[in-house]
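> predicted coordinates and the sequence they were generated for:
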Amino acid sequence: MNFSLTEDQLAVRDLARKLAREVLAPRARELDRRHEYPSGALGELAGLGLLGVNVPEEYGGAAAGAVAYAAAIMEIAEACASTSVVTAVTNMVAEQIVAFGTEEQKRRFVPLLTSGEAVAGAFALSEPHCGSDAAALTTTARREGGAFILDGEKQWITSGDHAGVLLVWARTGGPGAKGISCFIVEGGAKGMTPGRPEHKMGLSASSTVPLVFENCAVPADRLLGELGGGFRIAMSALDGGRIGIGAQAVGVMRACLAAGARYAKERRAFGKPIAEQEAIRWKLADMATELAAAEALVFAAAWLKEQGRPFTREASMAKLFASEAANRATKEAVQIHGGYGYFDEFSVERLFRDARVETLYEGTSEVQRIVIARHVLQ
Ligand SMILES: Cc1cc2nc3c(=O)[nH]c(=O)nc-3n(C[C@H](O)[C@H](O)[C@H](O)COP(=O)(O)OP(=O)(O)OC[C@H]3O[C@@H](n4cnc5c(N)ncnc54)[C@H](O)[C@@H]3O)c2cc1C
């Protein structure tokens with residue numbers, strides 16, 4: 001077994017680390033306070049190949065693999081979780097078009113994502129009445145001549161108002177998973193209207209919007225994969241996406257551990273640094289242990305993906321454990337900071353809010369357990 005990153009993986013990680021520490025981290029608090037979308041940062045990420053880490057070079061990607069991708073997301077999330085989710089979704093959309101697209105679709109849309117020209121990618125699956133039960137979606141796409149006409153409503157779509165390239169799932173057939181198809185839709189398409197960005201608990205610098213489709217004509221050659229094959233694309237995207245969210249949780253935990261350790265050494269109570277109190281040391285020890293376990297699970301899932309081996313179960317385990325552990329870590333990091341942890345002068349206040357969504361999106365913890373248990377019982 002080899003637990004080391006290769007030279008190429010380290011190079012990607014170091015590029016992400018440098019940008020994260022020098023550019024993203026200093027801006028993170030202000031972007032969060034102003035609820036400002038990180039458009040500028042996305043351009044810089046694109047310039048470093050970080051919007052297509054696991055995408056072939058011929059489509060503008062870095063072709064560095066799934067492990068390098070996880071390492072990069074960890075670095076970005078440690079600095080700014082909002083930027084990391086926008087980055088992760090954009091990578092996911094680019095990867096899905098590479099995996100399921102025609103050559104024409106790949107050449108046309110993937111470079112828009114990897115170069116930053118599209119600003120971001122968006123993944124429009126959830127609807128107001130269904131998230132976990134995505135196969136119950138009711139947005140429709142009916143064929144009319146050379147186009148599909150989309151009608152319906154999507155909810156909570158990350159970057160839905162900024163993205164130049166969106167994947168949109170809609171029903172082209174009967175009920176259930178087999179009646180669903182996936183379409184590539186360009187930002188600004190006539191008949192697609194993004195709503196007002198939601199006011200969220202955390203990830204305030206990312207944008208989360210509803211999308212309304214009214215008579216939105218999408219050329220028939222924008223169907224991604226087969227007619228009725230959309231649900232398989234969504235599930236495949238989410239498998240990879242869960243590695244991204246696991247990596248995001250690892251980044252948040254790293255930031256918490258560093259902030260908690262730093263503060264514990266500085267803050268004095270009862271005549272000595274609080275780091276000398278056993279209660280505080282145990283919190284730090286538990287955070288460090290869970291962080292190491294989360295990192296191992298995320299990299300293991302990414303490694304399996306990179307080897308072309310099945311990784312659905314491992315991606316769910318990584319996402320489940322890392323996201324739950326990140327919530328424990330952020331809670332304890334706030335506790336170590338005492339009252340100061342409740343104020344946004346300290347990063348742990350933001351990290352606490354940012355971590356909360358990690359057990360919810362791209363499959364709740366309950367959904368991850370359903371996936372894992374299904375594999376256990378097979
Ligand atoms: C900030 C944010 C960004 C998002 N970005 C996107 C995006 O870009 N694209 C997109 O398509 N979606 C996005 N989502 C939506 C997200 O994926 C859904 O919120 C998530 O899938 C959960 O669906 P739901 O909210 O409808 O919860 P529900 O499915 O209604 O679940 C409610 C509760 O019931 C539980 N539950 C449901 N079914 C079962 C079951 N069978 N067994 C046990 N428990 C169950 C759930 O675990 C949960 O605790 C985003 C959400 C948020 C909060």
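It's in. In this text the structure is predicted, and so the values were computed from the model without any measurement. Numbers count the residues shown, from 1 in each chain.

> who's in contact with the residue of the chain found nearest the ligand?
Among all residues of the chain, G131 sits closest to the ligand, at 1.9 Å; criterion: C-beta to the nearest ligand atom. For every residue, glycine as well, the C-beta is placed using N, CA and C. Contact analysis of G131 by C-beta atoms under 8 Å, 6 or more residues apart in numbering lists 155-156, 364.

> ok, these vs K106, which is closest?
W156 (27.7 Å; C-beta to C-beta).

> in this structure the closest one contacts S126, no?
Yes: between W156 and S126 there is a contact under C-beta atoms under 8 Å: 5.6 Å.

> farthest residue from the center of this protein?
G271 (43.6 Å; C-alpha atoms, centre = their mean).

> so who does A81 touch?
Counting by C-beta under 8 Å, 6+ apart, A81 makes contact with 202-203, 248, 251-252, 350-351, 354-355.

> need the pLDDT of the residue of the chain closest to the ligand.
Looking at G131, its pLDDT reads 97.

> and it, what are its phi and psi?
In this entry, G131 is assigned phi and psi values of phi -120, psi -70 (degrees, to the nearest 10).

> any idea how far T364 is from it?
According to C-beta to C-beta, to the nearest Å, G131 and T364 sit 8 Å apart.

> enumerate the residues of the chain near the ligand.
89, 123-126, 131-133, 156-158, 200, 203, 208, 357, 360-362, 364, 366-367, 370 (C-beta under 6 Å from any ligand atom).

> which ones among those residues lie within strands?
123-124, 156-158, 208 (DSSP state E).

> check contacts around A72.
12-13, 15-16, 50, 53, 87.

> which strand or helix spans the closest residue to G47 other than its chain neighbours?
Excluding the flanking residues, the one nearest G47 by C-beta to C-beta, 6 or more residues apart in numbering is G116, at 7.2 Å. Counting by DSSP states H and E, no helix or strand carries G116.

> for G116, what are its contacts?
G116 touches 42-43, 45-47, 51, counting by C-beta under 8 Å, 6+ apart.

> let's see 7 Å
42-43, 46, 51 (C-beta atoms under 7 Å, 6 or more residues apart in numbering).

> again, but for T208
Per C-beta under 7 Å, 6+ apart, neighbours of T208: 156-158, 197-198, 200.

> tell me the buried residues within the residues you listed.
156-158, 197, 200 (16 or more other C-beta atoms under 10 Å).

> what is the rounded mean pLDDT of stretch 224-243?
The average pLDDT for stretch 224-243 rounds to 97.

> quick one: the helices in the stretch 101-250 of the chain?
103-114, 230-266 (DSSP state H, counting those that start in this stretch).

> list the buried residues of the longest one.
Right, the one you point to is helix 230-266. The neighbour-count check on helix 230-266 (16+ other C-beta under 10 Å) flags 230-234, 236-257, 259-261, 263-264 as buried.

> what's the answer for the shortest one, then?
Judged by neighbour count (16+ other C-beta under 10 Å), helix 103-114 contains these buried residues: 105-106, 108-114.

> ok, now stretch 85-102?
Under 16+ other C-beta under 10 Å, the buried positions of stretch 85-102 are 85-98, 100-101.

> in strands only, show me those residues.
Using DSSP E, no member of these falls in strands.

> what about K190, neighbour count?
9 (other C-beta atoms under 10 Å).

> for R309, same thing?
Per other C-beta under 10 Å, the neighbour tally for R309 reads 9.

> host element of it?
Using DSSP H and E, R309 falls outside every helix and strand.

> so A11: helix, strand or coil?
helix (DSSP: H, G, I helix; E, B strand; the rest coil).

> ok, it - contacts?
By C-beta under 7 Å, 6+ apart, no residues touch A11.

> would you mind measuring from it to G339?
42 Å.

> could you do D239 as well?
42 Å.

> now G160
37 Å.

> repeat that for L48.
From L48 to G339 the distance is 39 Å (C-beta to C-beta).

> of those two, which one has the most company?
Under the neighbour definition other C-beta under 10 Å, L48 and G339 were set side by side, and L48 has more, 15 against 7.

> surely the more buried one meets R13?
No: assessed by C-beta atoms under 7 Å, L48 is found out of contact with R13, at 11.4 Å.
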